[in-house]
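**Q** everything below, folded, please.
(2 chains)
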Amino acid sequence: MSVFDPLQPPALSDPLGNAYKEWYHANFFDHENRRIGLINTSLHGQWGGENSQAVATGLVFDPENGWLGNVHENRFSDIALDQYGIMLPQTAIGIAHSQEVLSASVDMPVDELTVRLEAKPLSSPFRMQTPMPFGSGWIAWSAVPVLKAKGRLRRFRQDSSLDSTTVYHDHNWGRWFWGDDCGWEWGVFTAGDSGPTVVFSVVTNSDHSIFGLPHLYVIAGGRARQFVGDHITVEREREVARLDRRIPGVMASLHKDRSSPLLHRRVSIEVKSGFDWFRLEFSMESAIQLILAEPMRQGYGFIHELCGEFTLRGKLEQVELDHHGLGVFEYVE
Amino acid sequence: MDWVFLNMSNNAASKSLPPCRSLQDYLVQLISRLREADTDAYRALRRLVGDRCACIVVDREAILIQFRAGEFLATGRNADFTSDDPVARGVTTRQTVLALMNGYQDLSEAIHLGALDMIGLAEDIVIMGQAIEILMDASARTAALQDLGNDYRRDPCLPPFNGVQTYLRQRRPRERTAAREYKLLKRLDLLK
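**A** Numbering: from 1, shown residues only, chains lettered A, B, ... in the order given. Here you go, the predicted model:
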């Protein structure tokens, strides 16, 4: 059985088919240059509908230049799909199923960004395939949290290697409308010394006053551990954030009132479970806002990607943890 | 450095070039596509602007726009066009429009930097802004309007966007200023 999931398109008889959402997602972490990449290929709305959208997101944060890349909206007729791939004109993510290799690319010459990536899994997947209630519908997802990549990055016509970068991949699908009373917090944190990777997630309502059950996965020393619910305590230090960029530009101009959101400057996640205790401290360095318009009716989702560094200290299965690295924290409202 | 890795992007979709269009063509297309795809938004726009007239200037192209007898009229003018009637005027450049569309410049920044001027009576300027909001909101659910935006980005007879590095550089010092401003406000306990 593959560690990767096939696409989950809606059945023709699906009564919630017009609320269809699905995406393949990948992050890469270049610890040497402190760069973080985000590649996403997503489908929104009735399958093949006239106004349904296929959205290509390709972004790289580097401390020198801020956020390179962009978000581009496409029609379903502009995309190529197969069982394990969503190929858009500007970004693509696909899986060579038989070889267990994830390929991802970004082609945004106007935005001075090109990425080619191939990554092999180093960890088992985790799957949350039982649909969770979400907005007016539901959400399900799975992830392959640790992959090792080889590839190339071109920014401002300068090439650099992505060999040995750490990659995270997930696959999300469900039925909801952007603008529903729903949101989430999610984060992936990878240590630079081939150390642990931590994945955190919790679904929320739109203003983050109600939280679902938090989940946290730690992949360390070739083993994976999962923690749920009361074992996890999250402290959030929020402030009015200055966003580095807001995209797509047309939606940013329309929602000028959302240009200074309240975001997490620091997040502290503590886990206590039996003999295991550890604390992850994430500190945000820069944030970008992605605005997703619901193509089937009036409504908008606001996704904030917070990039920064983290420390991880404590003890897991009798092994001392003392690591630092790069992380992405996603705040969706 | 070899690029031996597979380019997976579906480039076939983006190979055909859009037609060359003038500013007048783009404005006529914008309104006719809105009318066809979203009649509610089109009616809201008609009600809002009434018989007001506005002048849109992008680089050296100036177009006078107005609804008259139920029809949208877009008439070419000299870019230095002046009128005895007070006509609201939006003046900018193609590079600024692309910087806004591509998310490299913020609307307030463009106005502060003098890259986008809105000239006219306050009421007319507010209505011009509201009309643009109706168009932007409708574009979120109208593929034909998004296509027009992509055609404008890739118009083979107009210069491409070339300002990524410039705009990113402009933003960084501003961020540092913002961080200092934030620290000052926090120290003075003025953030609540």
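
**Q** for stretch A:188-200, buried residues please.
**A** Judged by neighbour count using 16 or more other C-beta atoms under 10 Å in any protein chain shown, the buried positions of stretch A:188-200 are A:188-192, A:195-200. In short, each C-beta sits where N, CA and C put it, glycine included.

**Q** of the residues you listed, the lowest pLDDT goes to which?
**A** Within the set of the buried residues of stretch A:188-200, pLDDT is lowest for A:Gly192 (80).

**Q** what residues go with each domain of chain B?
**A** Domain segmentation of chain B under automatic domain parsing yields B:19-161, B:163-192.

**Q** quickly, which of those bottoms out on average pLDDT?
**A** Among the domains of chain B, domain B:163-192 carries the lowest mean pLDDT, at a mean of 70.

**Q** buried deepest among the domains of chain B, which one?
**A** Comparing the domains of chain B by mean neighbour count (mean count of other C-beta atoms under 10 Å in any protein chain shown), domain B:19-161 comes out on top with a mean of 17.

**Q** does that one reach chain A?
**A** Yes - with C-beta under 8 Å from any C-beta of the partner chain as the criterion, chain A is reached by domain B:19-161 at B:99-108, B:132-133, B:136-137, B:139-143, B:146-147, B:149, B:153, B:160-161.

**Q** quick check: end-to-end length of that domain?
**A** From its first residue to its last, domain B:19-161 covers 17 Å (C-alpha to C-alpha, to the nearest Å).

**Q** A:Trp138 versus the residue lying closest to A:Val55 once chain neighbours are set aside, what's the distance?
**A** Leaving aside its sequence neighbours, A:Val55 sits nearest to A:Ser42 (C-beta to C-beta, 6 or more residues apart in numbering or on different chains; 4.7 Å). For A:Ser42, the distance to A:Trp138 equals 17 Å [C-beta to C-beta, to the nearest Å].

**Q** who's more crowded, the two?
**A** The residue with more neighbours, out of A:Ser42 and A:Trp138, is A:Ser42; 21 against 16, by other C-beta atoms under 10 Å in any protein chain shown.

**Q** what are the ranges of the helices in chain B?
**A** Ranges of helices in chain B, per DSSP state H, are B:23-37, B:39-49, B:94-101, B:107-112, B:122-139, B:143-154, B:164-187.

**Q** in CSV: these, plus distance to A:Gly37.
**A** As requested, those are exported to CSV (distance: least, C-beta to C-beta, whole Å):
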stretch, distance to A:Gly37
helix B:23-37, 34
helix B:39-49, 37
helix B:94-101, 23
helix B:107-112, 26
helix B:122-139, 28
helix B:143-154, 23
helix B:164-187, 16
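
**Q** how about those, which one is nearest A:Ala56?
**A** Ranking the helices of chain B by proximity to A:Ala56 (C-beta to C-beta) places helix B:143-154 first, at 12.0 Å.

**Q** mind checking pLDDT for the closest residue to A:Gln90 other than its chain neighbours?
**A** What sits nearest to A:Gln90 in space, not counting adjacent residues and going by C-beta to C-beta, 6+ apart, is A:Ala56, at 3.9 Å. We have a pLDDT of 97 for A:Ala56.

**Q** so what sits opposite A:Ala56 in the bridge?
**A** Following DSSP bridges, A:Ala56 is listed with bridge partners A:Thr41, A:His72.

**Q** and for it, the neighbour number?
**A** For A:Ala56, the neighbour count with other C-beta under 10 Å is 29.

**Q** from A:Ala104, how far out is it?
**A** 11 Å.

**Q** what touches both of the two?
**A** With contacts defined as C-beta atoms under 8 Å, 6 or more residues apart in numbering or on different chains, the residues adjacent to both A:Ala56 and A:Ala104 are A:Thr91.

**Q** any low-confidence regions in the stretch 1-150 of chain A?
**A** A:1, A:97 (pLDDT under 70).

**Q** pull up the residues of it that are close to chain B.
**A** Neighbours of chain B within the stretch 1-150 of chain A, by C-beta under 8 Å from any C-beta: A:50-51, A:53, A:65-66, A:68, A:70-71, A:73-75, A:77-80, A:85, A:87-94, A:103-107, A:110-112, A:116-118, A:150.
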